[in-house]
Structure formats: structure tokens, C-alpha cells
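Below: sequence and its predicted model.
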Amino acid sequence: MFELISNIKTNKEKKFFIEKINIYIKFTNIIAQSLKLENNYLNDQLAPKTVLELINLNIFKSKDNFENLYLNKILKKELNSKFLSSINFNIKNRKKIGNSLDIFYSNKKVKNLKKNFFTIADFFCGAGGLSFGFSQENFKIILANDNDEDCIETYKLNHPEVTKSRVFKEDIKTLIKKIDVKFHKKIDVVVGGPPCQGFSNVNQQRIIDDPRNKLYKYFVQAVKKINPKIVVMENVKGMYPYADQVKQDFEKISYAMTYDVLVSDQFGVAQKRPRLFFIGIREDIIKKKKINISDVFAEIKEETKKIKRHILKDALAFIKPLVSPRIKNMTESDDERTGKKIDKNPFSGNENSYLKLINQNRKIDFIFNHKARYASDVNYEIFSKLGQGEDGTSKKIQHVFPYKHRNHIFKDKYFRLDENKPSRTITAHLRMDCLSHIHPTQSRTITPREAARIQSFPDD
């Protein structure tokens with residue numbers, strides 16, 4: 001999880017480092033409480049064993065004192081004391097703790113691949129969901145790229161098996177120029193979901209040339225330079241009317257391309273999320289393997305007939321009920337009633353078929369980011385009155401509905417999810433207010449953890 005402290009230069013890097021230190025401390029607090037060892041959690045001395053542990057955590061490079069001085073400077077006295085106490089607690093109680101802290105030691109979490117694996121490059125990688133799906137199927141990720149710092153930090157944590165020097169925080173335009181021939185010849189598959197805002201703008205010009213779709217063009221350039229065996233690109237359903245233009249662009253660089261809309265609930269996910277997928281195979285492989293590209297999606301859809309379907313209730317099972325905080329700015333405050341950033345999973349080992357599926361039958365002891373959002377008096381009343389499947393047009397809330405004069409526009413501003421159906425699509429704007437995804441049975445919006453579960457991200 002950690003970077004060497006001697007490599008930390010910018011304020012953003014310091015911020016990430018301090019956040020990770022706080023995560024380590026919270027983990028230790030939860031472990032101490034669950035083992036009923038709170039009273040032993042006191043020693044903040046920098047003993048030789050402590051220094052060795054800091055080296056194991058990849059914070060210190062050596063036993064030199066300058067790194068300790070820098071640690072003191074970044075963390076300040078109180079936080080540094082808590083951190084060293086946490087380390088010493090974990091050293092002392094290592095046998096009792098077991099593997100609960102493996103997340104902090106990347107070398108302990110790396111999965112061994114079976115023989116005959118394929119390699120993959122993931123552009124616009126985000127938090128690493130698409131990479132994770134491929135890694136579950138024995139693909140080795142050897143390049144990941146995004147231009148967002150938070151995404152890159154999250155990606156590195158979720159994918160410790162990927163060499164950090166191969167996770168690039170960079171504009172794809174400049175990265176393409178740096179991909180050397182020796183390296184890109186090792187890549188079998190290129191995947192990605194380039195943002196294409198211009199596809200929502202219906203006009204007569206060639207939409208693919210809309211300046212807002214330039215990232216798509218750079219993705220095509222990356223494929224041309226890397227020349228992988230296979231390309232998988234996913235995008236919004238709104239791109240469908242222009243899919244033939246996309247297909248032609250890949251055909252120009254010698255890829256047979258096919259496309260179709262796939263909906264996530266067909267694959268057992270507790271969410272109805274339609275996405276347009278393009279699958280391309282290099283023409284020489286098409287000829288050599290005698291592949292009929294038009295059969296690809298028919299085979300995929302045939303496979304989905306064997307998959308068990310799930311509903312929202314499956315995703316929201318075996319997780320603590322919460323209430324919305326009624327005081328603002330409680331995001332950083334852990335609380336039993338409103339939730340915590342990190343918490344012990346009291347239901348570990350009690351899972352339904354959906355949770356077993358997304359967690360790969362693993363027993364996960366911790367729950368992350370299951371934390372309810374603040375609710376105003378008006379929103380709380382709306383939450384308590386709306387029935388499942390109802391939106392802003394419901395008569396039950398018209399006396400308090402703040403947008404009734406523009407109901408034709410804002411009817412979806414509020415929506416209570418129906419637990420007996422797959423969830424509606426989880427969208428990026430959930431971070432703004434989440435009112436379009438009200439919990440089906442509790443008077444609050446869904447938490448980040450619940451949103452992740454709905455999308456089939458594992459609990460860890």
C-alpha cells in the first residue's frame with residue numbers, strides 16, 4: 001500500500017500517505033477491539049523491530065535515522081505516536097492477528113497465475129474493475145493507465161500484482177509515444193472504456209470527430225501501435241447509432257470488429273446496466289483460427305442463459321442497517337449508527353449466492369465505506385414516505401417535493417429502489433447527492449459499499 005517516505009515530494013503525495021496511515025490505524029483499532037486487547041495498545045517507541053516493520057511496509061528503505069525524521073515531519077507528533085503504537089501492537093500480537101493486515105503488504109496478496117495466461121493493457125482503468133474481471137480469468141495485467149490521481153492510487157491498492165512502474169498516471173496521448181516496441185509486443189489484449197461525451201449530441205456531422213471524443217481516437221491509436229491479438233472496448237449505450245463508424249475505424253487498422261449491447265443483470269449482477277461492447281480480433285488471427293466474428297456475441301448470450309439471476313435484495317443482504325446522519329459534515333466521523341469507513345464484518349461467513357459470487361467464496365472480515373450520507377429534514381421526510389419503485393411524481397411527497405414546478409425534468413431526482421428487481425444503473429453522479437438511489441427499506445440513500453456490491457465489486 002505504501003510508497004517509500006523518501007520518495008514523497010508533493011502535497012498530494014503527502015495527503016495520500018497520511019490517508020493510508022489513518023487506514024492502518026483504523027484497521028489496528030478494529031483488530032484490537034475484536035481481540036479485546038485495547039489495553040495493550042500503548043507503546044509508541046521506535047524500537048529496532050518497529051524499524052524493520054516500517055521497512056517491510058515499504059515506508060523505510062533502510063535503518064537510517066533521516067527517514068524517521070521525515071516521518072515525524074509529515075505525520076506530526078500525535079498521528080506519528082498513534083501509528084507507531086499501531087505497528088508495535090501488531091508486532092506483539094502477530095500470531096493472534098493472522099493475515100488480517102495482508103492488505104498492507106503487497107507481496108502477501110499477489111495471486112499466482114496458472115500457466116498459459118494472456119497479458120492485458122487497460123486504458124482508462126479507473127479503480128480497476130475491468131482489470132479485476134480479466135484477472136479473475138487468468139489474465140496478467142502488465143499496463144494500466146488513467147489520468148486521475150485518485151483512480152491510480154485506488155488501482156494500485158486493488159491490483160498489487162501489477163508492477164507500480166507499469167501503472168501510469170498520464171494522458172493517453174503522451175503515454176502512446178512512450179510505449180516501446182519491446183514492451184508492447186508482450187501485450188495480447190487491449191481493453192478500455194474511453195469517455196465519449198459527444199455521443200449524447202445528436203447531429204448530422206460525423207460524431208466520431210466531435211472534439212469531446214478525442215480520447216476514443218487516442219484509444220484507437222494505442223491499439224494500432226500495440227497491435228494486440230484482441231481488443232475489448234466498452235462504452236455508453238448512446239454510442240450505438242454510431243457503432244458502425246467505430247467499427248470502420250478499427251477495420252482500417254486490420255481488426256475484424258463486432259459490437260452489441262450487453263446488460264449486466266444477464267451475467268448475474270444485481271444491477272441492470274446496459275453497455276455497448278466492441279470486440280475486435282486481429283485479421284491474421286481471424287484467418288489462422290478460422291473465426292467467424294459475427295458469432296462472438298451469440299456465443300456470449302448463449303452462455304448467459306446458464307447464469308443465475310440476482311436482485312437488489314441479494315446485494316443488500318448481510319450488511320449492517322444504518323441511519324442517515326442529521327448533522328452535516330460527518331463524512332470523516334465513524335459512528336455505529338451512521339456507519340464507518342472501515343468496520344469489522346459481523347456477517348463474515350454468512351453469505352448468499354450473490355455475495356459468494358462477487359467475493360469468490362472468500363471469507364472477508366472487513367467492510368469498507370459502508371457509511372450513510374447526511375439527510376436534510378425535507379429529504380428525510382421524502383425517504384420515509386416514498387414506496388419502493390416510486391419517484392418524484394408520487395402524490396405521497398408532493399407537499400414537500402422541492403422540484404414539483406419542474407416535475408417533468410426532476411421526477412428521477414428522487415427514486416426509491418425496488419429490492420425485488422435488479423438495481424437501476426449506478427452512475428457517477430451518485431457522489432453528488434445519491435437521491436436517485438434511495439435504499440428500498442431504510443430511510444437513507446445507499447452507501448458507497450452498497451453501490452459497489454450492486455455493481456459486483458467484492459467487499460474488499
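Everything's here; your move.

The helix or strand hosting Phe250 packs against which elements?
Using DSSP states H and E, the element containing Phe250 is helix 243-251. Taking 3 or more C-beta pairs under 8 Å, 6 or more residues apart in numbering; DSSP states H and E as contact, the helices and strands that helix 243-251 lies on are helix 214-226, strand 255-263, strand 274-282. To be clear about C-beta, it is placed using only N, CA and C from the backbone, and glycine gets the same treatment.

tell me the average confidence for the helix or strand hosting Ser86?
Assigned by DSSP H and E, Ser86 falls within helix 65-92. What helix 65-92 shows for mean pLDDT is 91.

What is that helix packed up against?
helix 11-34, helix 48-56.

Which residues outside the helix or strand following that helix are in contact with it?
For helix 65-92, the following helix or strand on the C-terminal side (DSSP H and E) is helix 94-97. By C-beta atoms under 8 Å, 6 or more residues apart in numbering, the residues outside helix 94-97 that reach it are Ile31, Leu35, Leu37, Asn90.

Could you do stretch 320-332 as well?
Residues contacting stretch 320-332 (C-beta under 8 Å, 6+ apart): 333, 335, 337-339, 343, 346, 367, 370-375, 379-380, 383, 442-445, 447.

Buried among the residues you listed? Make that a ChimeraX selection.
Here the buried members of those are turned into a ChimeraX selection, burial being counted by 16 or more other C-beta atoms under 10 Å:
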select :338,339,343,367,370,371,372,373,374,375,379,380,383,442,443,444,445,447
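
what ranges do the strands span in the stretch 251-400 of the chain?
255-263, 274-282, 339-344, 366-371 (DSSP state E, counting those that start in this stretch).

now for the third one, which elements pack on it?
Counting contacts by 3+ C-beta pairs under 8 Å, 6+ apart, the secondary-structure elements packed against strand 339-344 are helix 11-34, strand 366-371.

Could I get the phi/psi values of the closest residue to Thr338 other than its chain neighbours?
Of all residues not flanking Thr338 in the chain, Pro325 sits nearest, at 4.4 Å (C-beta to C-beta, 6 or more residues apart in numbering). Backbone torsions for Pro325, taken as degrees, to the nearest 10, come to phi -70, psi 140.

Burial check on Pro325, number of neighbours?
Other residues near Pro325 number 20, with proximity taken as other C-beta atoms under 10 Å.

Would you quantify the distance from it to Asn345?
Relative to Asn345, Pro325 is positioned 22 Å away (criterion: C-beta to C-beta, to the nearest Å).

Kindly report the same for Thr154.
Separation of Thr154 from Asn345 (C-beta to C-beta): 20 Å.

again, but for Thr445
Thr445 is 21 Å from Asn345, where distance means C-beta to C-beta.

Repeat that for Asp412.
33 Å.

again, but for Ser34
The value you get for Ser34 to Asn345, if C-beta to C-beta is used, is 10 Å.

same question, Asp334
15 Å.

Neighbour count for those two, which is higher?
Higher neighbour count among Asp334 and Asn345: Asn345, with 20 against 15, using other C-beta under 10 Å.

For the residue nearest the centre of the chain, which residues are in contact?
Centroid-nearest residue in the chain: Ala127, 3.9 Å away (criterion: C-alpha atoms, centre = their mean). Contacts for Ala127 (C-beta under 8 Å, 6+ apart) come out as Cys151, Thr154, Tyr155, Asn158.

The residue sitting furthest away from the middle of the chain and Ile438, how far apart?
Distance from the C-alpha centroid of the chain peaks at His399, with 38.4 Å (C-alpha atoms, centre = their mean). Per C-beta to C-beta, His399 is found 18 Å from Ile438.

what does Val263 give?
22 Å.

Between those two, tell me which one has more neighbours.
The neighbour count for Val263 versus Ile438, taken as other C-beta under 10 Å, is higher for Ile438 (24 against 16).

Touching, the more buried one and Lys413? I think so.
No: between Ile438 and Lys413 there is no contact under C-beta atoms under 8 Å: 10.8 Å.

Neighbours of Glu78, how many?
Per other C-beta under 10 Å, the neighbour tally for Glu78 reads 8.
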